[in-house]
Structures are given as C-alpha cells and as structure tokens.
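Engineer: make a model of this:
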Amino acid sequence: MQSYAGFWQRVRAFAFDYFLIAIYLICITLLFWLMSRFLNLNQWLFTDRVWAQTAAFFVVTLPVTLYFVIQEASPKQATWGKQRLGLKVVDRDGNRISLLRAFARTLLKFIPWEISHTLLWEIAFSTGSLPAFINYGYTLVYLLIGLNIASLVMTKTNQTLYDLLAGAYVLQQPS
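Structural biologist: Residues are numbered from 1 along each chain as shown. Okay, here's the model as predicted:
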C-alpha cells in the first residue's frame, strides 16, 4: 500500500531544500555585493523595475526552479530535502514523473512566489503605488497558498492543488 507524504513531512522536506536555497542566495548576494563595489552593478541592474525583475528571475527564480524540476524528474525522484525524509514524487502509476510534468508542477507551485516578487518590485520602484493592486495581488497569493494547504490536508492522497493539476503525488518510500 502506498503511503502519501503528509503536511509536516512536506514542510520539513521543503525546509531542508530552503536551507540549500538560502545558501545559494547568500552566495549570490555576496557575489553581487563584491561585484557592485567594483563595477557599480546596483546602478546598472536596478535602475528600473522590469530590468531588475528580469535579472532577479534569471539569477534566483530560474536556478531554483531548475533545481526542483531536475531533481524531481531524476531517477531519485526527489529533491535533497525529500530524499532526506524518504519522500519521492511520482505519477498516478507510481512511476517517475517526466521533465515536462516536473516543470509544470514546479511552475504551478511557484506562481505565488512569482506574484509576490512582482508585487515587491512594484512596491520598491513605484512612486505612487496602486494600493488596491498590491492588496489584491497579495490576497491572490494567500488564497493560492491557502488552497494548496487545504487541498493537501483534505485530499486522501495528500495532494496540493499543484500536484492535482500536474498529476503528481508525493509518497513516503518504504523503510
């Protein structure tokens, strides 16, 4: 019988993965700080919202996305955090998910993250931010996060909304 990973297992797995992401972010921050001391990089990179958000996408979002996609579509079927907790991502037949399915799952998972980034850039660069736009945007972020959590705890298979849409499951591997 398959044992589906529960809420706290998945939270702990993501916490392990976020530890790796945090190390990456610290390294990138230090690298950019050093580069900007000699090249005036901040002036060049962060002069307008679109350019700043594009740079952040390629330096932060894309590498993090690729980490999840490649790891979950790999023969290990799991990120480092999931591996540490004995979890794996599978399709409905219990097989490894394809690269395309892993990409779709990760994209759906990170939609709230990207909306938040967009709103933060809007706040940082706007002289007269549209408070309603910002409020509605964050309402959408929290709604999506809430739907993912509700779906995870309410479905018999412990699937988030992004798991359901991508046709993926997170299983506890037998010991």
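Engineer: quick check: next helix or strand after the host helix or strand of Leu147?
Structural biologist: Using DSSP states H and E, Leu147 falls within helix 131-154. Toward the C-terminal end, the helix or strand that comes next after helix 131-154 (DSSP H and E) is helix 161-166.
Engineer: show me what that following helix is packed against.
Structural biologist: Where contact means 3 or more Cβ pairs under 8 Å, 6 or more residues apart in numbering; DSSP states H and E, helix 161-166 is packed against helix 99-125, helix 131-154. The C-beta positions use only the backbone N, C-alpha and C, and glycine is treated the same way.
Engineer: now the shortest one: mean pLDDT?
Structural biologist: Yep, that's helix 131-154 we're talking about. Average pLDDT, helix 131-154: 92.
Engineer: go ahead and produce CSV holding the CA coordinates of it.
Structural biologist: Only the C-alpha atoms of helix 131-154 are listed here, as CSV (Å, rounded to 0.1, in the frame of the first residue of the first chain):
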residue,chain,number,x,y,z
PRO,A,131,-2.5,50.1,-3.1
ALA,A,132,-5.6,48.2,-4.4
PHE,A,133,-3.4,46.4,-7.0
ILE,A,134,-0.9,45.4,-4.2
ASN,A,135,-3.6,44.3,-1.8
TYR,A,136,-5.5,42.3,-4.5
GLY,A,137,-2.2,40.7,-5.5
TYR,A,138,-1.3,39.6,-2.0
THR,A,139,-4.8,38.4,-1.5
LEU,A,140,-4.4,36.2,-4.5
VAL,A,141,-1.0,34.9,-3.2
TYR,A,142,-2.5,34.0,0.2
LEU,A,143,-5.6,32.4,-1.5
LEU,A,144,-3.3,30.2,-3.6
ILE,A,145,-1.2,29.2,-0.7
GLY,A,146,-4.3,28.5,1.4
LEU,A,147,-5.8,26.4,-1.4
ASN,A,148,-2.6,24.4,-1.7
ILE,A,149,-2.6,23.7,2.1
ALA,A,150,-6.3,23.0,2.2
SER,A,151,-6.0,20.6,-0.7
LEU,A,152,-3.0,18.9,0.9
VAL,A,153,-4.8,18.3,4.2
MET,A,154,-8.3,17.5,2.7
